[in-house]
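In: Give me a 3D structure for the following:
(2 chains)
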Amino acid sequence: DQQVKQNSPSLSVQEGRISILNCDYTNSMFDYFLWYKKYPAEGPTFLISISSIKDKNEDGRFTVFLNKSAKHLSLHIVPSQPGDSAVYFCAAIVMNRDDKIIFGKGTRLHILP
Amino acid sequence: ETGVTQSPTHLIKTRGQQVTLRCSSQSGHNTVSWYQQALGQGPQFIFQYYREEENGRGNFPPRFSGLQFPNYSSELNVNALELDDSALYLCASSRKTGFGTEAFFGQGTRLTVV
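Out: You can find the predicted model right below:
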């Protein structure tokens, strides 16, 4: 049972435009959400997070939006740059004893010149 | 670049063998988690160690075991390797922050079972 779903395996966006990566979740107990970026041959790199008590968090070119009623979050990258081409993982945590991170399957983002 | 390092980076083993993967944690982090990432999938939680004790386990059989040492580094051991164990194994060190968890991943160990 996939608790965190990224339904788009890949996305292509023109350089300079906005990239929007979407994520849905099923577990209403999740109270902390994260986005990770992964290049080939490297481990996932933390990008940005959001607590379930907020609906938006912004860090430079990256903004994460959370819609709890829809159990949906999205990552916006503006403007998109060539170095943003990577696999992006949406992840969620229930902040209890083990804090295990539940990942989606990832979305491969291609930034086109 | 994180302070989490994993060794080895690549490994080829034969079915039925045993393997040990190693991870050093980020300075200041006392929790280490291990994840398995199969091709085309997101990382799947194997287990977590906090202050040298197992602190949670995912849906993996007992032949997946681990250790955490006093310096918070960790090992993942897999016995009786199966072909389906071929994957990227990721280690993450973490600590709780004021409102969430700070988790940093190593570069991973690519295990191939033949």
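In: show me what contacts residue 15?
Out: You didn't pick a chain, so chain A it is. Listed by C-beta atoms under 8 Å, 6 or more residues apart in numbering or on different chains, the contact set of A:Glu15 reads A:79-82, A:111-113. No exception for glycine: its C-beta is placed from N, CA and C like everyone else's.
In: you looked at the wrong chain, it should be chain B
Out: B:81-83, B:113-114.
In: Torsion angles phi and psi at it?
Out: Phi and psi for B:Arg15, reported as degrees, to the nearest 10, are phi -50, psi 130.
In: Residue 13: how many residues sit nearby?
Out: Since no chain was named, I'll use chain A. Residues near A:Val13, counting by other C-beta atoms under 10 Å in any protein chain shown, number 19.
In: wrong one, I was asking about chain B
Out: With other C-beta under 10 Å as criterion, B:Lys13 counts 16.
In: one step back: drop anything exposed from the contacts of A:Glu15.
Out: Neighbour-count burial (16 or more other C-beta atoms under 10 Å in any protein chain shown) applied to the contacts of A:Glu15 gives A:80, A:111.
In: Need the contacts of A:Glu15 in JSON lines (columns: distance to chain B and pLDDT).
Out: Formatted as JSON lines, the contacts of A:Glu15 follow (distance: C-beta to the nearest C-beta, whole Å; pLDDT from 0 to 100):
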{"residue": "A:Pro79", "distance to chain B": "25", "pLDDT": "98"}
{"residue": "A:Ser80", "distance to chain B": "22", "pLDDT": "98"}
{"residue": "A:Gln81", "distance to chain B": "20", "pLDDT": "97"}
{"residue": "A:Pro82", "distance to chain B": "20", "pLDDT": "96"}
{"residue": "A:Ile111", "distance to chain B": "21", "pLDDT": "97"}
{"residue": "A:Leu112", "distance to chain B": "23", "pLDDT": "96"}
{"residue": "A:Pro113", "distance to chain B": "27", "pLDDT": "92"}
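In: Just the contacts of A:Glu15: which are in strands?
Out: Applying DSSP state E to the contacts of A:Glu15, the entries found in strands are A:111-112.
In: Tell me the one of the contacts of B:Arg15 nearest chain A?
Out: Nearest to chain A among the contacts of B:Arg15 is B:Val113, at 19.5 Å by C-beta to the nearest C-beta.
In: quick one: pLDDT of that closest one?
Out: B:Val113 is assigned a pLDDT of 97 by the prediction.
In: Return the residues in contact with residue 3.
Out: No chain specified, so I'll use chain A. Applying C-beta under 8 Å, 6+ apart to A:Gln3 gives the contacts A:25-27, A:30, A:92, A:102.
In: was after chain B, sorry
Out: B:24-27, B:93, B:104.
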